[in-house]
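Asks: okay, sequence plus prediction incoming.
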Amino acid sequence: MSPELRCRLFHVLGYLTVLIISPHSHAQLMEGGLQQRCEPEETQEDVNVLLQSTVSNLHAPSASLEKSASQLDSAAGLLSKILLGSVSKSQVEIVLAHHHESVAWSDPYKHIRTIYCKGKKKDRPAGCIHLPNVGREGHTYLHHIVKNYDRLAEWTVFTQAQAPTQGYKGHRLGGGHALPGIPFDAYVLPENAGGLPREDGSVFVFTGAVHMPTLNHSLRLSFQTAAYAPTLHQQSKCPTIEHLDGWQKWWDLGWFKKWIGGKCGVAPEAVPKLFNDYWDEYIRLPRPDHDIIFFSQGARFAASRERIRQRPKEFYEALLQKLSSNADPCHNYFNEWIWYYMIGAPSGSPCDSGLVLEEANSKEQVGRMLLNEVSLHKMRVNETAAH
């Protein structure tokens, strides 16, 4: 076993062991030895398997702890098989959309990893599959689905190649789109081994909501603050009041609507209609409750073979064609908002639209909104350059 794999397995098993033997030492554990990582800090994601049900059951009756212990054993066993290469790509496959990023963070998954690269030759990881530099990550995902439609893995994880660090700092300003309390392994592992629930054949961690008629956005509160004040706590696929999580006040896309309009060749005020026409022509699903759709900011998700095949191959081919002639097409921004509805044909809303309405319509603004922060950041950069 390589030193990197040995290090990762040591940390995962060590963390699981301490949770079982001494739950009360969890805080000391995170402050001490096992906080040390195998890879450089700047490219490190949440690699520890922070099993949500275990964390919530630390002070539960012994029967719950016994169940959690069994779950931890299952997670450790499956992770060790992945690290040692005894899990095949026909079972689980991780699809990385790469441009120029370091993929070192994903090396523990190299036996089940497929990298599609679109950047310069000097930046391409060894063994990657080169694609033309068009369509961003959406083109990569759709290419994989179309190319492998008849031989998809039982479970496929789709992700950008950037390390899944916590939070998001603004458009192209950094942040790996991960939500605190949900490590990358939660997309890979089945629920009985500590992964997120797969009740609808997919795993999406919803960090944004969009009002379709206006394209007004609301970000999940725990995601909005993650890059600036990361915390380690239990989380779920949708925000819940029980987890002290919710939605920020609606905000208008502002300059970003103009940005997308420029790429689509329409005026900013025409972008909402263009998006809704795209939904009607390609997605062809009824409008969700209250015209609110939910999305995973950063386009990271996982889906079963059966879920993907709810749509015919021709459906994905048509979407792929929309992304195949431009390096940064406007429709890929639309796709980021609707992957949940594209992959298969879900019949209902994945999260509580009522909670969004209750919070986003009435909540007072707390601090500056994300896009305002981006604008201020750009102003500071320009002022610095001028001096």
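Replies: Perfect, thanks for sending it.
Asks: now the helices for this structure?
Replies: 3-21, 26-31, 52-56, 62-84, 136-147, 185-188, 221-224, 255-264, 271-278, 305-308, 313-322, 330-342, 353-360, 370-386 (DSSP state H).
Asks: for the closest residue to His99 other than its chain neighbours, report the pLDDT, please.
Replies: By the measure of C-beta to C-beta, 6 or more residues apart in numbering, the closest residue to His99 outside its immediate chain neighbours is Gly119, 4.3 Å from it. All C-beta atoms are positioned from the backbone trio N, CA, C, and that covers glycine. Note on Gly119: pLDDT of 95.
Asks: isn't Gly119 up against Val103?
Replies: No - between Gly119 and Val103 no contact is recorded; they are 11.5 Å apart, counting by C-beta atoms under 8 Å.
Asks: who's more crowded, the two?
Replies: Higher neighbour count among Gly119 and Val103: Val103, with 20 against 16, using other C-beta atoms under 10 Å.
Asks: touching, Leu78 and Val87? I think so.
Replies: Yes - the pair Leu78 / Val87 is scored as a contact, 7.4 Å apart, by C-beta under 8 Å.
Asks: more crowded one of those two?
Replies: Of the pair Leu78 and Val87, Leu78 is the one with more neighbours under other C-beta under 10 Å, namely 22 against 19.
Asks: OK, contacts around Gly246?
Replies: Arg220, Leu221, Pro239, Leu355, Glu359, Lys363 (C-beta atoms under 8 Å, 6 or more residues apart in numbering).
Asks: can you spell out the domain ranges of this protein, please?
Replies: 3-84, 92-360 (automatic domain parsing).
Asks: where does the stretch 201-350 of the chain dip in pLDDT?
Replies: Across the stretch 201-350 of the chain, the ranges flagged by pLDDT under 70 are 226-234.
Asks: just the stretch 51-200 of the chain next, same as before
Replies: 51-68, 71, 167-175.
Asks: in it, which spans are strands?
Replies: For the stretch 51-200 of the chain, the strands defined by DSSP state E, counting those that start in this stretch cover 92-98, 113-117, 129-130, 155-160.
Asks: save these as a markdown table, and put in mean neighbour count and distance to Trp337 too.
Replies: Compiled in a markdown table, those are given as follows (neighbours: other C-beta atoms under 10 Å; distance: least, C-beta to C-beta, whole Å):
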| stretch | mean neighbour count | distance to Trp337 |
| --- | --- | --- |
| strand 92-98 | 24 | 17 |
| strand 113-117 | 21 | 22 |
| strand 129-130 | 14 | 27 |
| strand 155-160 | 23 | 15 |
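Asks: mind checking which of the contacts of Gly246 are buried?
Replies: Neighbour-count burial (16 or more other C-beta atoms under 10 Å) applied to the contacts of Gly246 gives Arg220, Leu221, Pro239, Leu355, Glu359.
Asks: Pro346 versus the fourth one, what's the distance?
Replies: Applying C-beta to C-beta, to the nearest Å, the value for Leu355 to Pro346 is 18 Å.
Asks: for the residue nearest the centre of the chain, which non-adjacent residue is spatially closest?
Replies: Central residue of the chain (C-alpha atoms, centre = their mean): Arg300, 3.0 Å from the mean position. With C-beta to C-beta, 6+ apart as the criterion, Arg300 has its nearest non-adjacent residue at 4.5 Å, and that residue is Thr159.
Asks: my read: that neighbour touches Ser296, true?
Replies: No - between Thr159 and Ser296 there is no contact under C-beta under 8 Å: 10.1 Å.
Asks: dump the C-alpha coordinates for stretch 124-136 into PDB.
Replies: Output in PDB follows, covering the C-alpha atoms of stretch 124-136 (Å, rounded to 0.1, in the frame of the first residue of the first chain):
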ATOM      1  CA  ARG A 124      -3.300  17.400 -18.000                       C
ATOM      2  CA  PRO A 125      -3.100  14.700 -15.300                       C
ATOM      3  CA  ALA A 126      -1.700  11.400 -16.300                       C
ATOM      4  CA  GLY A 127      -4.200   9.000 -17.900                       C
ATOM      5  CA  CYS A 128      -6.900  11.700 -18.400                       C
ATOM      6  CA  ILE A 129      -9.300  11.600 -21.400                       C
ATOM      7  CA  HIS A 130      -8.800  14.800 -23.400                       C
ATOM      8  CA  LEU A 131     -11.900  16.600 -24.600                       C
ATOM      9  CA  PRO A 132     -12.200  19.800 -26.600                       C
ATOM     10  CA  ASN A 133     -12.400  22.900 -24.400                       C
ATOM     11  CA  VAL A 134     -16.100  23.600 -24.800                       C
ATOM     12  CA  GLY A 135     -19.100  23.600 -22.500                       C
ATOM     13  CA  ARG A 136     -17.300  23.500 -19.100                       C
END
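Asks: go through it and flag the buried ones.
Replies: Arg124, Pro125, Cys128, Leu131, Val134, Gly135, Arg136.
Asks: isn't Glu317 up against Val146?
Replies: Yes - counting by C-beta under 8 Å, Glu317 does reach Val146; the two are 5.5 Å apart.
Asks: the more surrounded of the two?
Replies: Counted by other C-beta under 10 Å, Glu317 and Val146 do not tie: Val146 has more neighbours, with 16 against 13.
Asks: ok, that one - contacts?
Replies: Lys313, Tyr316, Glu317, Leu320.
Asks: got the contact list for the first one?
Replies: Neighbouring residues of Lys313 by C-beta under 8 Å, 6+ apart: Val146, Tyr149.
Asks: would you mind measuring from His177 to Ala163?
Replies: Relative to Ala163, and taking C-beta to C-beta, His177 is found at 10 Å.
Asks: quick check: Tyr282 touching Ala318?
Replies: Yes - contact criterion C-beta under 8 Å: Tyr282 and Ala318 qualify, at 6.6 Å.
Asks: and the two? Which one has more around it.
Replies: A count of neighbours by other C-beta under 10 Å puts Tyr282 above the other of Tyr282 and Ala318, at 17 against 13.
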